[in-house]
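Participant: Sequence first, predicted coordinates after that:
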Amino acid sequence: MKNFNNKVAAITGAGSGIGRALAINLAQQGCHLALSDVSEAGLAETVSLLSQYSVTVTTTKLDVSDKDAFYAWADQVVADHGRVNMIFNNAGVALSGTVAALDISDYEWIMNINFYGVLYGTKAFLPHLERSGEGHVINISSIFGLASQPLMSGYNASKFAVRGLTESLRQDLESTQSVVSSTCVHPGGIKTNIAKQSRMSASTSEVMGSDNDKTIKDFERTFITTPDKAAKTILNGVKKNKRRVLIGPDAYVFDAMVRLFPAGYQWIITKVVKLQGKLNKKSA
């Protein structure tokens, strides 16, 4: 897909962050948009930012963990726009805590959104993308889909699952000579609200030596890439039909670390987290 003019893109999590930036960047290139989010207020704000562009925009309140609602939305997108060429499975949440402290329900919550939401989006839209004659599935994983982190087992599990799904999907599409392709995206720290909206177990504070508010602020300091930069990088990757897109210098650091120390990176990251916890406890 060399250009987006007069194409139709569906985006989940379009009410803020990367999803909103994708919508704006696509609209600037003449792409029609079907936007969804759990936040109607966020969607409305995104739509207001798109009013200057001559493209068709439709919106739907959607919980991506609701399979039936997702499939219904995919059908509605085609009914509204006549076709769909791209699905950006972008919506996601975060979860923090030790494996021992987290409940099974916590894992179910994050997997239902971060993994099953991506799976539903892929499956619901794939037949429509095939019928369009030119399609692309873009699934958002994370640098934590490349390297595991202490306290992030639920998030890691969901993002590694997205990576595995998307890489296998790409192989399937190539094996069947499909008109559809796929790309797996691994953002580093992006300046979004995901940390503030995360679930955080008390075990996180115990390990990090600080309360949840300070932990969130410390985590947000690692968010170094803007959503607009992320969106531009993703769209450039789609145009080049890349299998994997890394976003931000931190993503390249993590990728290199895993390649150089496929097992040893765990020790390195754990040492850094333990040191940060000790420093926080001393300054408390």
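Facilitator: It's in. Predicted model, so just to flag it, every value in this text is computed and none were measured.
Participant: ok, the residue most central in space within the chain to Pro249 distance?
Facilitator: By Cα atoms, centre = their mean, the mean C-alpha position of the chain lies nearest to Ile140, the distance being 3.4 Å. Separation of Ile140 from Pro249 (Cβ to Cβ, to the nearest Å) stands at 18 Å. From N, CA and C alone the C-beta is placed, and that goes for glycine too.
Participant: same question, Ala94
Facilitator: Counting by Cβ to Cβ, the gap from Ala94 to Pro249 is 21 Å.
Participant: Could you do Ala10 as well?
Facilitator: Using Cβ to Cβ, Ala10 is found at 30 Å from Pro249.
Participant: What is the neighbour count of the nearest residue to Arg83 once chain neighbours are set aside?
Facilitator: Spatial nearest neighbour of Arg83, excluding adjacent residues (Cβ to Cβ, 6 or more residues apart in numbering): Ser132 at 4.5 Å. Applying other Cβ atoms under 10 Å, we find 20 residues neighbouring Ser132.
Participant: Kindly report the same for Ala91.
Facilitator: 26.
Participant: before we move on, what about Gly189?
Facilitator: Neighbourhood size, Gly189 [other Cβ under 10 Å]: 21.
Participant: That one: what's it in contact with?
Facilitator: 222-225, 248, 250 (Cβ atoms under 8 Å, 6 or more residues apart in numbering).
Participant: for Leu151, same thing?
Facilitator: By Cβ under 8 Å, 6+ apart, Leu151 lies in contact with 96-98, 203-204, 207-208, 273.
Participant: Show me which of Ala10 and Pro249 is the more surrounded one.
Facilitator: Neighbours were counted for Ala10 and for Pro249 using other Cβ under 10 Å; Ala10 has more, 28 against 12.
Participant: Who does the closest residue to that one other than its chain neighbours form a beta bridge with?
Facilitator: Nearest in space to Ala10, with sequence neighbours left out and distances taken as Cβ to Cβ, 6+ apart, is Ala34 at 4.3 Å. For Ala34, the beta-bridge partners under DSSP bridges are Ala10, Thr58.
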